[in-house]
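Q: Need coordinates for the below:
(one chain, ligands or ions: 1)
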Amino acid sequence: MTQNGTVSAASEKAENAPTEKEKEKEKKRDDINIEEMQFGVWTFKVASSAKSALEVYRSEIKMAYPLFLRLFTDIYSVSPTLFIVFLACKLWDGIEEALVMHLSSSLLRKIEAGVISGVPDVRGIVTSVMLQLVCSAVVSYMSWHSQRALQELETEVRRYFELHLMKAKLSKDLPTSQEASSSSDISAFQAWRAFADVISFFTEMFKTASQLALIVHLSRESGGPLFALLCIIKPIFSAMTFRAWWDKVCFGFASNEDYRRMMSLENLANGGFRQDIISHNLGAWIIQEYQKARKALSGISDESFYSVYSRRETPTYDVIAKVLGELPVAYCALAMIFKPLAFSVASISILQQSALTLRYSLETILSSTEDFRGGVHSIRRMYEATEIMNLMKDGHLPYPQIDDNEEWNGERGMSFELKDITFAYPGSEKTTMALNGISINIKAGQLVVIVGANGSGKSTLIRILSRLYDSTSGSILIDGHPSKDYHVEDLHRATAILSQESDIYPLTLAENIGLGCPERSNDMALIEEAARDGGAAEFMSKLKDGVQTTLNSYHSYFHNNLHGNRDHPLYEEMEKMKKKIDISGGERQRIVAARSFMRFKSGRVKFVAVDEPSSALDAEGELQLFNRLLDVRKGKTMVFVTHRFGHLTKHADLLICMKDGLIAESGTHQELMERKGEYAKLYDIQAKAFIE
Ligand SMILES: Nc1ncnc2c1ncn2[C@@H]1O[C@H](COP(=O)(O)OP(=O)(O)OP(=O)(O)O)[C@@H](O)[C@H]1O
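A: Take a look at the predicted model:
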């Protein structure tokens, strides 16, 4: 007893002990200070790190390094040549300005010397001019190449990541796709932008370094490093003192009640409430309440939070920054006074220009650190999106276990044994389970009808049987083996789901039906047969393009100067493109039903799950659909979920009546009617509707 107690206490302690991940998260939290500030109607929460800015950058770059390596390797693999050309162009971009300036400076000096001495160095000037011309030609040539390489690489990279992201999305199972953490809105374009931002950041760094080197070189005889320092002092000062929100981790919200009331009233006036405002005469009341709130707000700023946050209370910083910006000029002037021979007008002008360019580059770097961080974050999200692990574990057994063809053509459907099944939807905030202890046996080839009130768990049970979800607890045997042991794809291949949730794909109607059996999706004869079985053939024959009609077809177009020119042939063409073809709800359900009949043509289906697929069908259409489904039931287990079960009761081997996630009753129609319980009640309500 004592021993047991000790063991269980120890294991409980171990269970409650924080994991490495939790510890790391906790440590990160400890490193963050959150400061709350109030600006006008806004409350700001600004996070700052307990670490120094340098430490934060260092750790961010360290963490980003493997990501860069991976991204660069991926992009290199997409197109090595383009990648190298692109990097070479960016490298050139980094030194181009410094080189051009260096050449200009050398030419200017020679010209100046010629002007002063009256004897120009013709050879030197001609060489410098030639060099400058060659350099300009190379700059234009490289810039053209850079643009082309950029566009071509962008197209290639976007296609590559689009495919990767699409593959990742398509391989997610249903529970995983419903997890908030698995839903990523990252697109291939964003991934490219992130790459471009990161590269631009590094290019700008390189540019700054090369300009800095040029300045040190140009002013080497007159205290180069000091001059270089004076050039960068202003942007560094501005970056350190400017209160900008974009490089902060912050969260701001309108906390002033009067302001929020004003905004709600404005939304009421602007939103889609016209009918109520007119019929209830709300106009005057809205204006009166708005004015009241406005008055209460008087004296409190409701400017955008971006501008109130970055506004300075005193001009001190601006004055200091301006003065610091003039330091390079002051330095040149002083140096000229004390060391007149060390300077020429040309070198001063070049130094001035270099100082300005350097300052601009530095400011660009400092203001784009957030873009850089954003880029790293997007790259991380993109790789995470392609690496989500499915929540449902795949099994190792093929399905069906019996591999002789006779069984496939055959006599048996799928059998199910469910024991104590409970299920809650991933992320659901409900306090009750969707299924709450279901035990039931469905024999191979049986026809089962599930009835019950809204929300009683019928569709959920169908989803569990079809292995779209795994149960939270309990066990399911399919053909005698635990369902989790089978390959999920094999089970899905052996299952046909005809559900209220299925809809029309943005493809041709023929493809909509043909995709029930992708291997035979081009077989028009089969598609037409499936269309007849699903009751879709007749209405499709009346469409102008018949089975080749596409609903919700993808269109992308642009126009210019066409508005107000309605007689223009291009306007008519554009309008034609805008027109949409639509079909009724019942016709949609017929196409979806035809898709299921197409699925049966694969000859592999052993389980048919029919979940209320006839809600929009007319009475005749519904009867025909059920009869055609019954006609193909040989070799298949069929489970129907329906509120209108009258047609099916006489065919059903088993009726299940559900209530609050539980099986309230099960048995044959006769047995359940005799019991006079929930099923009998539902049946009588339907029957009475016809008698009375
Ligand atoms: N995707 C989902 N996420 C979270 N909860 C869900 C989801 N789908 C259904 N539920 C909840 O699970 C419970 C069972 O729903 P289910 O759809 O199985 O009921 P049903 O008997 O088929 O209802 P109906 O007759 O209205 O189709 C309900 O409480 C419902 O709100």
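
Q: sec struct for G635, please.
A: Here G635 is recorded as coil under DSSP: H, G, I helix; E, B strand; the rest coil.

Q: pLDDT-wise, which helix or strand of the protein ranks last?
A: When each helix and strand of the chain is scored by mean pLDDT, DSSP states H and E, helix 2-16 comes last, with a mean of 45.

Q: Around the ligand, which positions in the chain sit nearby?
A: Residues of the chain lying close to the ligand by CB under 6 Å from any ligand atom are Y425, S428, A434, G452, N454, G455, S456, G457, K458, S459, T460. All C-beta atoms are positioned from the backbone trio N, CA, C, and that covers glycine.

Q: any idea how far S475 is from the second one?
A: Noted for S428: a distance of 22 Å to S475, by CB to CB, to the nearest Å.

Q: How about T364?
A: Taking CB to CB as the measure, T364 falls 62 Å from S475.

Q: who's more crowded, the two?
A: A count of neighbours by other CB atoms under 10 Å puts T364 above the other of T364 and S475, at 17 against 14.

Q: follow-up on the earlier one: need the residues of the chain next to the ligand in a markdown table (columns: neighbour count, secondary structure and pLDDT).
A: Formatted as a markdown table, the residues of the chain next to the ligand follow (neighbours: other CB atoms under 10 Å; DSSP: H, G, I helix; E, B strand; the rest coil; pLDDT from 0 to 100):
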| residue | neighbour count | secondary structure | pLDDT |
| --- | --- | --- | --- |
| Y425 | 16 | coil | 89 |
| S428 | 12 | coil | 74 |
| A434 | 22 | coil | 93 |
| G452 | 24 | strand | 90 |
| N454 | 6 | coil | 90 |
| G455 | 15 | coil | 90 |
| S456 | 22 | coil | 92 |
| G457 | 25 | coil | 93 |
| K458 | 23 | helix | 93 |
| S459 | 18 | helix | 93 |
| T460 | 24 | helix | 94 |
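
Q: what two of these are the furthest from one another?
A: Spanning the widest gap among these are S428 and G452, at 19.1 Å by CB to CB.

Q: Tell me which helix or strand D567 sits in.
A: Using DSSP states H and E, D567 sits within no helix or strand.

Q: what's the spacing between it and M577?
A: Counting by CB to CB, the gap from D567 to M577 is 17 Å.

Q: Which residue of these two possesses the greater neighbour count?
A: The residue with more neighbours, out of D567 and M577, is M577; 11 against 6, by other CB under 10 Å.

Q: Output stretch 425-445 as PDB, nothing but the C-alphas.
A: In PDB, the C-alpha atoms belonging to stretch 425-445 read as follows (Å, rounded to 0.1, in the frame of the first residue of the first chain):
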ATOM      1  CA  TYR A 425     -14.100  17.500 -31.400                       C
ATOM      2  CA  PRO A 426     -10.500  18.900 -31.400                       C
ATOM      3  CA  GLY A 427     -10.500  22.400 -29.900                       C
ATOM      4  CA  SER A 428     -14.200  22.200 -29.000                       C
ATOM      5  CA  GLU A 429     -15.200  24.300 -26.000                       C
ATOM      6  CA  LYS A 430     -18.300  22.300 -25.300                       C
ATOM      7  CA  THR A 431     -18.600  20.800 -21.800                       C
ATOM      8  CA  THR A 432     -20.300  17.700 -23.100                       C
ATOM      9  CA  MET A 433     -18.800  15.000 -25.400                       C
ATOM     10  CA  ALA A 434     -20.200  14.700 -29.000                       C
ATOM     11  CA  LEU A 435     -20.200  10.900 -28.300                       C
ATOM     12  CA  ASN A 436     -20.400   9.700 -24.800                       C
ATOM     13  CA  GLY A 437     -19.900   5.900 -24.600                       C
ATOM     14  CA  ILE A 438     -21.200   4.200 -27.700                       C
ATOM     15  CA  SER A 439     -21.100   0.400 -28.000                       C
ATOM     16  CA  ILE A 440     -22.600  -1.200 -31.000                       C
ATOM     17  CA  ASN A 441     -22.000  -4.000 -33.400                       C
ATOM     18  CA  ILE A 442     -22.600  -3.600 -37.100                       C
ATOM     19  CA  LYS A 443     -22.300  -6.800 -39.100                       C
ATOM     20  CA  ALA A 444     -20.800  -6.900 -42.600                       C
ATOM     21  CA  GLY A 445     -23.500  -6.100 -45.200                       C
END
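
Q: Now do the residue nearest the centre of the chain, the pLDDT please.
A: Centroid-nearest residue in the chain, with CA atoms, centre = their mean: D185, separated by 0.9 Å. The predicted structure scores D185 at 73 on the pLDDT scale.

Q: and it, which of the three is it?
A: D185 ends up coil, using three-state DSSP.

Q: what about it, distance to I388?
A: Counting by CB to CB - D185 and I388 are separated by 14 Å.

Q: Tell me which residues touch M433, please.
A: The neighbours of M433, taking CB atoms under 8 Å, 6 or more residues apart in numbering as the test, are T422, F423, A424, T472, G661.

Q: helix, strand or coil for it?
A: Judged by three-state DSSP, the three-state class of M433 is coil.

Q: what do you get for E36?
A: E36 - assigned by three-state DSSP - is strand.

Q: Tell me the helix or strand right after the lengthiest helix in the chain.
A: In the chain, taking DSSP state H as the definition, the longest helix is helix 122-170. Per DSSP H and E, the first helix or strand lying C-terminal to helix 122-170 is helix 174-178.

Q: re earlier: for the residues of the chain next to the ligand, which one is nearest Y554?
A: Distance to Y554, by CB to CB, is smallest for S459 among these, at 30.5 Å.

Q: Can you show me the CA trace of stretch 476-495 as CSV?
A: The C-alpha coordinates for stretch 476-495 follow below in CSV (Å, rounded to 0.1, in the frame of the first residue of the first chain):
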residue,chain,number,x,y,z
ILE,A,476,-13.2,0.1,-32.7
LEU,A,477,-12.7,-3.2,-34.5
ILE,A,478,-13.1,-3.2,-38.3
ASP,A,479,-13.4,-6.7,-39.7
GLY,A,480,-12.1,-8.0,-36.3
HIS,A,481,-8.9,-5.8,-36.2
PRO,A,482,-8.4,-2.5,-34.3
SER,A,483,-9.2,0.2,-36.8
LYS,A,484,-6.0,2.1,-35.9
ASP,A,485,-4.0,-0.8,-37.3
TYR,A,486,-5.1,-0.2,-40.8
HIS,A,487,-3.7,2.2,-43.3
VAL,A,488,-5.9,5.2,-43.2
GLU,A,489,-5.8,5.6,-47.0
ASP,A,490,-6.9,2.0,-47.5
LEU,A,491,-9.9,2.5,-45.2
HIS,A,492,-10.9,5.7,-47.0
ARG,A,493,-10.6,4.0,-50.4
ALA,A,494,-13.0,1.3,-49.2
THR,A,495,-15.5,3.9,-47.9
